[in-house]
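J.: with the sequence up front, the predicted model follows.
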Amino acid sequence: MSKTLRLLRVCLTQDMNLFKIQSKKASGTTKLLVPLVLACVVMVYMGAYTVGLMEQFKPMNLEYIALSMFCAIFSFVTIFEGFYKASSLLFNCKDDQLLFPLPVSKNIILFIRMFKFYAFEFLFNGMFMAPSMIVYGVQTNQSWLYYLVSIVALVLIPVVPIVISCLFGFVTTYISSKFKGKNLVQTILTMSILLVVLYISFNYDGLLNLIKDNALMIDKYISYYLPVGIYISLINNFNLLTFILYIIGHIALFGITVLIIGKVYFELNSRMKSVSVVHNNKPYVVQTRSRLRSFVKKEFNRFVSTPVFIVNAGFGLLVFVAACAAIAFKYDAIVGGLAEKMEGLSPDVIIGYMPVVLMGLLAFSAFMTSITSSMISLEGKSINILKSLPVKSSMIVLYKVITAIVIMIPCLLLGDFIVIFAFKFNIISVLCILYATILLPFIAELIGIMANLKYPKMDATNDTEIVKQSMSSMVAVFAGMALAMVSVGILVGLAVIGLSNNIILLLFLIIFTIVAAILWLILTKISDKRFDEIQV
Amino acid sequence: MIKIKNVTKKYGDKTAVDNVSFTVGDGEIFAFIGHNGAGKTTLIKAIVGIHDFNEGEILINGKSIKDDPIACKMDMAYVPDNPELYENMKAIDFINFICDMYDVDQETRTENIHKYAELFEVENVLNDQILSFSHGMKQKIALIAALAHDPKILIMDEPFVGLDPKAVFDFKKVMNEMAKEGKIVFYSTHILDVAEKLCSKVAIIKKGKLVKTGSMKEVKGDKSLEKVFLELEG
């Protein structure tokens, strides 16, 4: 047991350094400042949102539904995210050579990897769920027992989503291991499942209204999900036996999952690592390319060979295309539905604003997709190859930004043209949309690369740790969210003033061209120094 | 020529390289030896522009690596101690990538890649993914990529580790040819008998400080290099 704990401690210390920031000069306080500020902003926002939601349920005396909803929503988010993280976190670790020769059971290694996954989700979910639990407790004057049960629930609620994700990751890995193109099969499987889940979620239109109108029904459904249902029943009516069973049940579930996956873990892990060498009898081709083309090819190669990277970036882009197709082909239903909810706006007026709607959608998709926030970290130790090349660091950084834009643009253009042709935009709107299709990803990727230069994570044992659990990806996501909201705010604000479509689009693009210019100036100033400071 | 002048590199409070100075002339094969952790890799990384250093100056053919890193790097090739190559690339794509970065023309690269691929007997695997290669194979690919752009200065960190005996033998010949052409071969090693036979100059580093440097004859006198090294380190 002590061996397991010691190993767990070492692995967590080594790998769970989400907030590890490599900077020569930063002091301990400075290092923690950004994550702390980010965490505080999120927690305050979640607390305020809980207060708002509780107000909705107060007349029915069902305030606790706000609490159960948060727990259920973040369980769902964990499962959703876990779908494409689990496989990589369990079966694509770089520390196999260190751990497997150790005189410990293979199940312990699996347990440690699952626990690392759990630990991250616990911290992440805690940031969102703890404020709602505190707000509920304070607002409804709960006793110490409520806080005790809530702390235990906070610890236990991520367990079931982690178990589901790990089982899913195990199944997709098992299936893809049967094929030669393991990565491709895994990417397609994961992406398909995510799209199905998203399609089902999209059908729950007007979530807040639905919740408000169907509070009792939601309460019933959530109670069927035992980890949340039992927690709610415990805070309403505490029972010691149920409480103990609640704890034991979660621990047992985690243990049983380790035992089930553990049966074939080593074999499957080895199969995933084995490379099917296909000797190509064709003579090798010596080919000269420009530096830019050569670099983009190299980066693109890295992108397509990393399933978690493709799913992370590709999912948002696919959703953009799907949304554009939905607007174009189902606009009667969508526009009609919007017109019903927005008093004073007829379907014709909404269709008239379609270029602005598309711009908003484009901004949202572009800002929420950050590829460059992982690109430097994914170099790992091979970053020394880049540093020894006769290429300026700023150019290397620029090449990475260009690659990311090249990856994003085809999907964005596809979505653009679907809407442009369906609604027959005028030439100015078309030009504005096309310019935005380059400008907005450029801004998102500048932010991403700046975040990665500031917070590189060069010692990850796993690509997922970089793409989904690193400080730079977090910063890029939060910054993207903020920019997406600001974009929508600007577009709505300009539309409310009553300006024409073309003027709104032009003003919007002027603002973001200035933003891009400022970001570009900052990047050119810092990129050489920051890149050179990265040491592995 | 490589000129190292009073170079000091610190990691926090720890001084990894302490006021080191020496010169490597054209046509020399230079061995850089020392215990593990003596500061060899740190100094090599400073020479090739991977790490910055706190004090001193490094001149590559008269140009400062700090002031004009791109011009310096154009003259150099670097082979790291552990070949961390781009594993998802085919070997030939990796070599092409390196050549593209050094602006190597089609004719030169075709000639060099063919020459060294044949020498290291890897022509039939150049179309394979690096991921499937052993350590030694990766080392060979790293060496071909370094040699393909015909560098004036070849800097290597323990280049013989992982290579099979034939590859070591062939590569020693390449090193000698380069020296005859007036190029510099600078490498760190723990294989002292090879260094003794192959190198014209040597430097011994201990705890970041240079304890002895000069021609092989001056440094070892009538003793073996191994004996001198052990006496200095002892």
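T.: Received it, and whenever you're ready, just let me know what you need.

J.: quick one: contacts for the most centrally placed residue in chain A?
T.: Centroid check for chain A by CA atoms, centre = their mean gives A:Lys468 as the closest residue, at 6.1 Å. A:Lys468 sits next to A:Glu81, A:Lys85, A:Val308, A:Asn312 when contact means CB atoms under 8 Å, 6 or more residues apart in numbering or on different chains. Every residue, glycine included, has its C-beta placed from N, CA and C.

J.: please name the nearest non-neighbouring residue to the last one.
T.: In this case it means A:Asn312. Nearest residue to A:Asn312 in three dimensions, chain neighbours excluded: A:Val467, at 5.2 Å (CB to CB, 6 or more residues apart in numbering or on different chains).

J.: A:Ile351 too?
T.: A:Val335 (6.0 Å).

J.: equivalent analysis for A:Ile260, please.
T.: A:Leu167 (7.7 Å).

J.: what residues does stretch A:92-112 touch?
T.: A:3-4, A:7-8, A:11, A:90, A:113, A:258-259, A:261-262, A:265-266, A:269, A:272-273, A:460-464.

J.: okay, now it: how far is its last residue from its first?
T.: This stretch, stretch A:92-112, spans 14 Å end to end (CA to CA, to the nearest Å).

J.: mean confidence score for that stretch?
T.: The pLDDT scores in stretch A:92-112 average 86.

J.: chain center to that stretch: distance?
T.: 27 Å (CA atoms, centre = their mean, to the nearest Å).

J.: same check, this time on stretch A:372-388
T.: 21 Å.

J.: could you do stretch A:393-412 as well?
T.: Counting by CA atoms, centre = their mean, stretch A:393-412 comes out at 20 Å from the chain centroid.

J.: burial of residue 106, as a residue count?
T.: Since you didn't name a chain, this refers to chain A. A:Lys106 has 15 neighbours, counted by other CB atoms under 10 Å in any protein chain shown.

J.: not quite, I wanted chain B
T.: Residues near B:Gln106, counting by other CB under 10 Å: 11.

J.: which non-adjacent residue is nearest A:Phe168?
T.: A:Phe168's closest residue in space is A:Phe83 (CB to CB, 6+ apart), at 5.5 Å.

J.: A:Asn384 now?
T.: B:Ile50 (5.2 Å).

J.: show me the contacts for that neighbour.
T.: Residues near B:Ile50 by CB under 8 Å, 6+ apart: A:Asn384, A:Lys387, A:Ser388, B:Tyr78.

J.: check which residues of the helix or strand containing A:Gly448 are buried.
T.: Assigned by DSSP states H and E, A:Gly448 falls within helix A:427-454. Neighbour-count burial for helix A:427-454, with 16 or more other CB atoms under 10 Å in any protein chain shown as criterion, is recorded at A:429-430, A:432-433, A:436-437, A:439-454.

J.: so how far is B:Asn54 from the closest residue to B:Ile2 other than its chain neighbours?
T.: Counting by CB to CB, 6+ apart, B:Ile2 lies nearest to B:Val24, which is 4.2 Å off, once chain neighbours are set aside. As judged by CB to CB, to the nearest Å, B:Val24 and B:Asn54 stand 22 Å apart.
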